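J.: Dropping a prediction and its sequence here:
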Amino acid sequence: MVATYPSASKTSFRALEQLTTRRSEDSSVIFRLHKMNGKTQDYQVSYHEGRAVECKRNKGWHSYFTSRKEAIKQMSLVHFLNQKDTLNVPCVIKVTNDYDAKFPKNKNEWLDKANDFVSKENPALTLLLDLDDTLFSLTKTPHFTFKLNMNIVNIPNHFVNKDAMEKIAAFQRRHHRIKVITNANYPYINIAGFFKYFNITLPEADYFNRDHPARCKLTKQEFIERYAFNKSCLLVDDKLKNGSRSTHFHHAYWLAPFPDLSCPTYV
């Protein structure tokens, strides 16, 4: 007999969010299952030799009394996490960076920490980046003056804020992290190539365009507040409406340049 598993329904779930890091092949991880209606359920998944072996509700009475329906769901999640193809629904995402210190109180304190190297005393921060009219633009302005070679980088907006890109590269060299959240639908391969042009690495797991299954009709602000983004993050965006209470925010527009992330420059 071939074992069959219920699939995670596209109409029920939008994402399985990893909240903690697996420290070894035999440790446990907390996942948050996001329903399409906005509700969430937290699960503790145990691993053995790198494979998920057990799943149970992390808190509440469900962690002690499991209905048949709940048991089937837990079994399907274990099966899902052991699949090589994680592009199914729900998608698996991780936005938290296990920041284990006191969060920066404000944007200025965040920038002070961002301009120093990551260490035990200075955990990694996360820069959340918009694209259009934040990093590049169709219109040439005092901030957007560098013209891209379209044969090298395949994006339609020609003028780049080169100063911003150099600051982001310096920020990443200090071992901090970046993620892109855009309301556009640029393919990942195009945007990854754009960042690579400036010696910046952007993993696909850190790119969230409007077509990303974890967003699924959520606005940028709703997406940030729905998931585990926190005050270890600074969102840089040209639109005030995208600011979130969950993170720090920098409004980058023609009167306010990109935040200073360029120093120290030593390695």
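T.: Right, received. Where do you want to start?
J.: any idea how far I93 is from L111?
T.: Relative to I93, L111 is positioned 26 Å away (criterion: Cβ to Cβ, to the nearest Å). Glycine gets a C-beta too; all of them are placed from N, C-alpha and C.
J.: Of these two, give the one with the bigger neighbour count.
T.: I93 (22 against 17; other Cβ atoms under 10 Å).
J.: Got the confidence number for that one?
T.: Note on I93: pLDDT of 85.
J.: With F31 instead?
T.: 90.
J.: SS state for it?
T.: Classification of F31 by DSSP: H, G, I helix; E, B strand; the rest coil places it in strand.
J.: again with K217
T.: The three-state label given to K217 by three-state DSSP is coil.
J.: neighbours of it, just the number please.
T.: Counted with other Cβ under 10 Å, the neighbours of K217 add up to 9.
J.: any idea of the pLDDT on it?
T.: We have a pLDDT of 83 for K217.
J.: shift numbering so it begins at 796
T.: Happy to do that; since the first residue is 796 now, the last one works out to K1012.
J.: Quick check, C1028 in contact with H1045.
T.: No. Taking Cβ atoms under 8 Å as the definition, C1028 is not a contact partner of H1045, at 11.1 Å.
J.: can you pull out the helices in the stretch 846-995 of the chain?
T.: 863-876, 902-909, 957-968, 983-992 (DSSP state H, counting those that start in this stretch).
J.: contacting residues for the residue nearest the centre of the chain?
T.: Among the residues of the chain, the one closest to the centroid is V890, at 4.0 Å (Cα atoms, centre = their mean). When contacts are counted by Cβ atoms under 8 Å, 6 or more residues apart in numbering, V890 is found next to 812, 974, 1022-1024.
J.: quick one: strands adjacent to the helix or strand of the chain with the lowest mean pLDDT?
T.: In the chain, no helix or strand scores lower on mean pLDDT, DSSP states H and E than strand 886-888, which sits at a mean of 82. For strand 886-888, the paired strands and their directions (DSSP bridges) are strand 808-813 (parallel).
J.: Roughly how far does the residue lying closest to K935 once chain neighbours are set aside sit from K1012?
T.: The shortest distance from K935 to any residue other than its chain neighbours is 4.9 Å, reached at F954 (Cβ to Cβ, 6 or more residues apart in numbering). Spatial separation of F954 from K1012 under the definition Cβ to Cβ is 31 Å.
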